[in-house]
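Novice: Everything below, folded, please.
(one chain, ligands or ions: 1)
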Amino acid sequence: MLRINQIKLPLDHTPEDLTKALVAKLAIKAAELIEYRVFRQAVDARKKRAIHLVYSVDAVLENEARFQQARNSSDIMASPDLGYRDVVPGPEKLSAPPIVVGSGPAGLFAALLLARRGYRPIVLERGKPVSERRRDVERFWSGGELSIDSNLHFGEGGAGAFSDGKLTTLIHNHRCRKVLEELVAAGAPADILYVSKPHLGSDRLPAMVKNIRQTIITLGGEVRFNCLVSGLKLKDQKMIGVEIAGQDFLQSPAVILAPGNSARDTFAMLWETGVKLQAKPFSLGVRIEHPQQWLNEAQYGSAAGHPRLGAADYKLAFHAPGGRSAYTFCMCPGGQVVAAATEPDRLVTNGMSLYARAGANANSALLVGISPADFSNDHPLAGIEFQKIWERKAFDLGGKNHFAPVQSAGDFLADRSSKTLGSIEPSYRPGWRLTRLRDCLPDYIAGTLCQALPFFEKRLPGFARADAVLTGVETRSSSPVRILRNADMESSVRGLYPAGEGAGYAGGIMSSAVDGLHAAEALIRKYALP
Ligand SMILES: Cc1cc2nc3c(=O)[nH]c(=O)nc-3n(C[C@H](O)[C@H](O)[C@H](O)COP(=O)(O)OP(=O)(O)OC[C@H]3O[C@@H](n4cnc5c(N)ncnc54)[C@H](O)[C@@H]3O)c2cc1C
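Specialist: I've put the predicted structure just below:
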């Protein structure tokens with residue numbers, strides 16, 4: 001099979017046009033093309049008057065050998081093997097089923113692989129099943145109480161369950177394909193296998209999460225909710241089992257720990273147990289909102305609204321002379337800014353979109369990178385203390401009722417408290433309060449954002465428009481902690497496999513799921529089938 005890249009077609013092309021373009025690119029007769037499938041479809045919008053779709057396809061041809069010479073060009077090559085590489089079980093006997101802590105992307109995909117391989121994992125999740133969790137999240141967004149174990153970060157599906165469900169990643173790993181295929185098997189649209197920027201949407205994700213849970217159970221695994229892992233039982237620095245909610249005990253020598261980046265109590269417990277941890281860099285900033293219609297026109301010109309383009313996005317970065325960097329992150333086209341707190345007296349923002357991405361506003365995190373050198377001390381958990389300070393300030397600034405502090409970009413740049421907003425309605429619920437966002441941001445972060453906004457304006461005119469809405473404060477872009485692990489994926493405690501974003505080895509749904517698979521493979525390599 002050959003991979004043929006860079007087949008460019010106009011937006012309104014038909015399937016037959018793609019076949020013809022492929023035949024023309026290969027300079028073969030139509031009859032020589034046996035079959036093909038699209039491997040990747042991307043939008044090339046660099047020239048707004050001539051926006052194209054660019055395809056890579058995998059094709060089976062008669063007499064492929066005659067392309068032997070061309071095979072080394074970047075446009076025609078042998079199709080790489082994308083098959084998932086199974087691992088061989090190891091020799092050690094498992095005295096009890098493996099435990100997976102957390103049912104976010106890392107935990108779910110780890111458990112799914114273990115279940116598929118016959119290891120009958122037991123998943124322990126502190127929160128509720130995704131449908132019940134959705135009700136708790138809705139109640140909080142409608143002004144009700146925050147549930148500390150059932151919120152935007154905690155509960156079945158993890159932090160990714162109510163998100164845009166973007167599956168884009170910077171990692172290149174053979175497991176990515178496996179993740180996409182498992183998601184399609186769980187009900188995701190099949191186009192995620194080939195579009196260059198796949199996404200799932202908050203409205204569709206819960207059904208996929210439930211289907212993955214059902215597959216784990218059908219294969220002999222278990223998923224237990226309302227099971228906070230509150231302690232680890234060790235002997236000679238080896239896992240014996242876990243304590244649940246301070247009272248029950250579940251035995252196992254093998255535990256995959258995928259708690260996500262917000263499990264502050266779990267990180268504290270690990271530290272007290274003696275598991276080796278390290279502070280790590282992360283980012284902090286605000287969400288910015290613009291009209292999606294403006295963005296569609298800015299990115300696609302007169303082609304804006306074309307059904308093959310969908311809602312436009314952007315990605316921007318700025319490197320300040322002093323060494324700080326600002327960047328946009330987790331851009332949610334046609335989405336909403338969401339209340340993502342996990343504690344009753346702290347405020348956190350994030351963003352999500354429904355599958356259709358049809359909301360009026362585009363939003364994105366606008367972040368500045370920080371490192372352990374910015375923390376007040378060199379304790380491994382100092383980054384969490386740092387987050388807490390700014391989340392508390394944001395909570396206070398919003399009025400201590402989970403209303404978010406909001407300011408227009410124009411007022412932020414001019415450093416005056418906002419008294420009114422322009423035409424862009426903030427989408428954050430349960431509500432917002434006009435204020436001065438510098439009061440809940442470190443000076444160097446506010447300063448870097450003030451330098452970055454005019455720079456982004458040059459890259460994407462209108463980005464720093466005076467009426468763009470800023471909402472604070474975004475602190476959970478990635479984990480402030482790393483749980484150290486060795487080449488066999490084990491922590492300083494044998495049999496404890498840290499995985500995913502909270503462990504500090506991933507950032508985003510895809511890379512967390514991939515890391516979960518990786519951790520499960522390491523466990524399989526060590527232990528024989530039960
Ligand atoms: C609103 C929002 C939108 C996002 N949008 C995107 C996006 O579009 N694309 C993208 O790539 N990424 C997105 N992210 C980030 C993405 O969700 C995370 O990177 C990803 O979910 C991390 O996966 P994880 O499995 O490592 O951890 P998590 O998803 O955080 O899952 C951890 C799980 O562990 C459970 N848990 C924690 N501690 C314990 C304990 N002690 N005992 C038992 N259970 C425990 C939690 O309840 C949770 O279910 C978004 C995040 C948020 C909050």
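
Novice: Do you have the strands of the stretch 1-150 of the chain handy? List them.
Specialist: Listed in chain order, the strands found in the stretch 1-150 of the chain under DSSP state E, counting those that start in this stretch are 2-10, 33-44, 52-61, 76-78, 99-101, 122-124.

Novice: and the ones you listed, which is most packed in?
Specialist: Comparing the strands of the stretch 1-150 of the chain by mean neighbour count (mean count of other Cβ atoms under 10 Å), strand 99-101 ranks first with a mean of 32. For glycine as for every other residue, the C-beta is placed from the backbone atoms N, C-alpha and C.

Novice: Direction included, what does that one pair against?
Specialist: strand 122-124 (parallel), strand 255-257 (parallel) (DSSP bridges).

Novice: Could you point out which of the ones you listed sits nearest the ligand?
Specialist: Across the strands paired with strand 99-101, the ligand has its closest neighbour in strand 122-124 (5.1 Å, Cβ to the nearest ligand atom).

Novice: Skip the chain neighbours and tell me the closest residue to Glu32.
Specialist: Glu62 (4.5 Å; Cβ to Cβ, 6 or more residues apart in numbering).

Novice: surely that neighbour meets Ala30?
Specialist: No. With contact defined as Cβ atoms under 8 Å, Glu62 does not count as touching Ala30 (11.1 Å).

Novice: Gly495 is in contact with Ala519, correct?
Specialist: No. Ala519 lies out of contact with Gly495 (Cβ under 8 Å); the separation is 11.9 Å.

Novice: pLDDT wise, what is Leu82 at?
Specialist: Looking at Leu82, its pLDDT stands at 84.

Novice: mind checking pLDDT for the closest residue to it other than its chain neighbours?
Specialist: Spatial nearest neighbour of Leu82, chain neighbours left out: Arg177 (4.7 Å); criterion: Cβ to Cβ, 6+ apart. Predicted confidence (pLDDT) for Arg177: 95.

Novice: and Arg177, how many residues sit next to it?
Specialist: 13 (other Cβ atoms under 10 Å).

Novice: With neighbour numbers in mind, choose between Ala519 and Gly495.
Specialist: Ala519 (29 against 25).

Novice: what sits against that one?
Specialist: Shown in contact with Ala519 (Cβ atoms under 8 Å, 6 or more residues apart in numbering): 106, 110, 256, 258, 489, 497-499.

Novice: try 7 Å this time
Specialist: 110, 256, 489, 497, 499 (Cβ atoms under 7 Å, 6 or more residues apart in numbering).

Novice: so who does the third one touch?
Specialist: Read that as Met489. Contacts of Met489 by Cβ under 7 Å, 6+ apart are 497, 518-519, 522.

Novice: could I get these as CSV with pLDDT?
Specialist: Compiled in CSV, the contacts of Met489 are given as follows (pLDDT from 0 to 100):
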residue, pLDDT
Tyr497, 98
His518, 98
Ala519, 98
Ala522, 98
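
Novice: Which one of those residues is nearest to Arg46?
Specialist: His518 (35.4 Å; Cβ to Cβ).

Novice: In the helix or strand containing the closest one, which residues are buried?
Specialist: For His518, the element it lies in under DSSP states H and E is helix 509-526. Applying a neighbour-count criterion of 16 or more other Cβ atoms under 10 Å, one finds 509-524, 526 buried in helix 509-526.

Novice: Kindly report the same for stretch 348-363.
Specialist: Buried residues in stretch 348-363, defined by neighbour count with 16+ other Cβ under 10 Å: 348-355, 357, 359, 361-363.

Novice: so where's this protein uncertain?
Specialist: 68-73 (pLDDT under 70).

Novice: Write out the residues of the stretch 251-400 of the chain neighbouring the ligand.
Specialist: By the rule Cβ under 6 Å from any ligand atom, the part of the stretch 251-400 of the chain lying against the ligand is 258-260, 263, 266, 330, 338, 340, 350, 352.

Novice: 8 Å instead?
Specialist: Taking Cβ under 8 Å from any ligand atom as the contact definition, the stretch 251-400 of the chain meets the ligand at 258-263, 265-266, 269, 330, 332, 338, 340, 350-353.

Novice: One more: the stretch 401-530 of the chain?
Specialist: Of all the residues in the stretch 401-530 of the chain, those lying near the ligand are 476, 478, 499-503, 506-513, 515-516, going by Cβ under 8 Å from any ligand atom.

Novice: Please export the C-alpha coordinates of stretch 412-421 as CSV.
Specialist: Taking Å, rounded to 0.1, in the frame of the first residue of the first chain, the C-alpha atoms of stretch 412-421 are listed here in CSV:
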residue,chain,number,x,y,z
PHE,A,412,-7.2,45.2,30.9
LEU,A,413,-4.6,46.8,28.6
ALA,A,414,-5.4,50.3,29.9
ASP,A,415,-5.3,48.9,33.5
ARG,A,416,-8.7,50.3,34.6
SER,A,417,-11.5,48.3,36.2
SER,A,418,-14.3,47.4,33.7
LYS,A,419,-17.6,49.2,34.3
THR,A,420,-19.3,48.0,31.1
LEU,A,421,-18.8,45.4,28.4
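
Novice: who touches that stretch?
Specialist: For stretch 412-421, using Cβ under 7 Å, 6+ apart, the contacting residues are 406-408, 411, 434-438, 450, 453, 467, 469-470.

Novice: ok, 10 Å please
Specialist: For stretch 412-421, contacts defined as Cβ atoms under 10 Å, 6 or more residues apart in numbering pick out 286, 288, 405-411, 432-439, 441, 446, 449-450, 453-454, 464, 466-470, 472.

Novice: Please point out which parts of that stretch sit buried.
Specialist: For stretch 412-421, a neighbour-count test (16+ other Cβ under 10 Å) marks 412-413, 418, 421 as buried.
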